[in-house]
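>>> kindly return the folded structure for what I paste below:
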Amino acid sequence: MESRSRPPEQGSKQSNFLRPINPLCTNREKLLLLPRVPSNLRTYDSSRRDRGSPNLIDQIMDYWFYNEALKIVFPLLDGKDLAPCLLVCHQWRDIASDDYIWKFICTQKWPSIARKPPSGTTYHRLFATFSKPPLQPPLPLPCLSFNDLVFYIDLWSDETLIFSNAISASVLLVGLKMIPEGISDVLRSHLESTDCKMLLQVEPKITIPQGVTVTSSVLVARTDTDKMACIMHKSMFDYIDLTTSRAMSYDYLNFSPGHPFVSDIRAWVSLLILTKGRIGMDMDMFGLEIDFCDAANSENEILWLLDMLDWK
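Down below sits the predicted model:
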């Protein structure tokens, strides 16, 4: 009768990983000698094990060595290459999701993490959260509405009042009734665009003599809270750009003390003028525009910006 090796005794100090597998062992005994064989491979048909099919052991050994190879290769990848490995198959996902691998990647990207590992999270989640610049989420709906806003606009030429009007913000959003002839192509393209603009048509046109000082004051009121805020205070139109048919003034917005880190955002008022082809002539103003292009361009952004003003 052929001698057959006995299965390992319990409590043996010899490592299963280093112990050679005797070819005379039964399939069941060989399974006991394999290090941590996945449980899903121990459910083969029992008739195959009873017949001592060599294909079973070959498949198990191939599977184990394949896993060990992946455990060696995956730590050599960087995060952007390892992340797609999670999508290849269940086997790759199980190995690539091992937090030990992601710990190695995170300590390569942020070496200081190795000094004091963060608690309450995994290295995989840490890499997924902070490895890329955060996407800017869309603004939620503002509490303020253009229907609740009224703008008070006053223009002076030296000390003479040349324009004064109180207009709802919803009317400013409608824009100009008609775009006149005699304006630059740059301004025409701007007025015909679908961007958010706050425009007011001035009828009849106002002629501003050359050499005078034109200033503007703008207040805004909220009809929902009966409070007001200052947009501009005696701001001078000290810049005229004939290429865009505009005379512009600006002032810095005053924000509520509840927003202490918001500053240096300007409000602009532009006088829309008819250009006559040369500098040094009187200007005919046919409209004006209010914008906050330093920080806000869409309707939601403008409403959130105005909501942060120092309302009194």
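>>> for stretch 131-148, output the C-alpha coordinates as CSV.
Extracted C-alpha coordinates of stretch 131-148, given in CSV (Å, rounded to 0.1, in the frame of the first residue of the first chain):
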residue,chain,number,x,y,z
SER,A,131,-7.3,64.1,-5.1
LYS,A,132,-9.1,66.4,-7.6
PRO,A,133,-10.1,70.1,-7.4
PRO,A,134,-13.7,70.2,-6.1
LEU,A,135,-16.4,70.9,-8.7
GLN,A,136,-18.3,74.1,-8.2
PRO,A,137,-21.8,73.1,-7.3
PRO,A,138,-24.7,75.1,-8.8
LEU,A,139,-26.1,77.9,-6.6
PRO,A,140,-29.3,77.1,-4.8
LEU,A,141,-32.4,79.2,-5.5
PRO,A,142,-32.0,82.6,-3.8
CYS,A,143,-34.4,83.9,-1.2
LEU,A,144,-34.5,87.2,-3.0
SER,A,145,-36.5,87.9,-6.2
PHE,A,146,-36.2,90.6,-8.8
ASN,A,147,-39.9,91.4,-8.3
ASP,A,148,-39.0,92.5,-4.8
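>>> any residues touching that stretch, and which ones?
Counting by CB atoms under 8 Å, 6 or more residues apart in numbering, stretch 131-148 makes contact with 79-80, 109, 168-170, 173, 222-224, 299-301, 303-304, 306-307, all of which sit outside it. All C-beta atoms are positioned from the backbone trio N, CA, C, and that covers glycine.
>>> got a ChimeraX select line for the buried ones in those residues?
Written as a ChimeraX command, the selection of buried residues from the contacts of stretch 131-148, which uses 16 or more other CB atoms under 10 Å, is:
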select :79,169,222,300,303,304,306
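>>> next step: the contacts of stretch 131-148 restricted to strands.
Applying DSSP state E to the contacts of stretch 131-148, the entries found in strands are 168, 222.
>>> wasn't residue 199 part of a helix?
No. The secondary structure assignment for residue 199 gives strand rather than a helix, going by DSSP: H, G, I helix; E, B strand; the rest coil.
>>> surely it is in contact with residue 289?
Yes. Shown here, residue 199 and residue 289 form a contact pair, counting by CB atoms under 8 Å, at 5.1 Å.
>>> joint contacts of those two?
residue 272.
>>> which members of the contacts of stretch 131-148 occur in helices, if any?
Per DSSP state H, helices hold the following members of the contacts of stretch 131-148: 79-80, 109, 169-170, 173, 299-301, 303-304, 306-307.
>>> could you work out the most separated pair of those?
109 and 170 (49.9 Å; CB to CB).
>>> ok so, going back, looking at the ones in helices among the contacts of stretch 131-148, which is nearest residue 90?
residue 79 (20.7 Å).
>>> which pLDDT value goes with that closest one?
Reading off the confidence values, residue 79 has pLDDT 65.
>>> residue 6 too?
On pLDDT, residue 6 comes in at 47.
>>> going forward, the N-terminal residue is numbered 48.
With the count now opening at 48, the last piece we talked about shows up as residue 53.
>>> so for the ones in helices among the contacts of stretch 178-195, which is the shakiest by pLDDT?
Taking pLDDT as the measure, the ones in helices among the contacts of stretch 178-195 have their low point at residue 126 (65).
>>> quick one: residues contacting residue 313.
297, 298, 299, 300, 339, 341.
>>> what do you get if the cut-off is 10 Å, keeping everything else the same?
With contact set as CB atoms under 10 Å, 6 or more residues apart in numbering, residue 313 has these partners: 279, 282, 296, 297, 298, 299, 300, 338, 339, 340, 341, 342.
>>> pull the number of nearby residues for the closest residue to it other than its chain neighbours.
On the basis of CB to CB, 6 or more residues apart in numbering, the spatially nearest residue to residue 313 that is not a chain neighbour turns out to be residue 297, at 4.5 Å. Residue 297 has 20 neighbouring residues, counting by other CB atoms under 10 Å.
>>> with residue 265 instead?
By the criterion of other CB under 10 Å, residue 265 has 21 neighbours.
>>> the inter-axis angle of the host helix or strand of it versus helix 346-354?
When elements are assigned from DSSP states H and E, residue 265 belongs to strand 261-269. Orientation note: strand 261-269 sits at an angle of 90 degrees relative to helix 346-354 (axes from the mean of the first three to the mean of the last three CA atoms, to 10 degrees).
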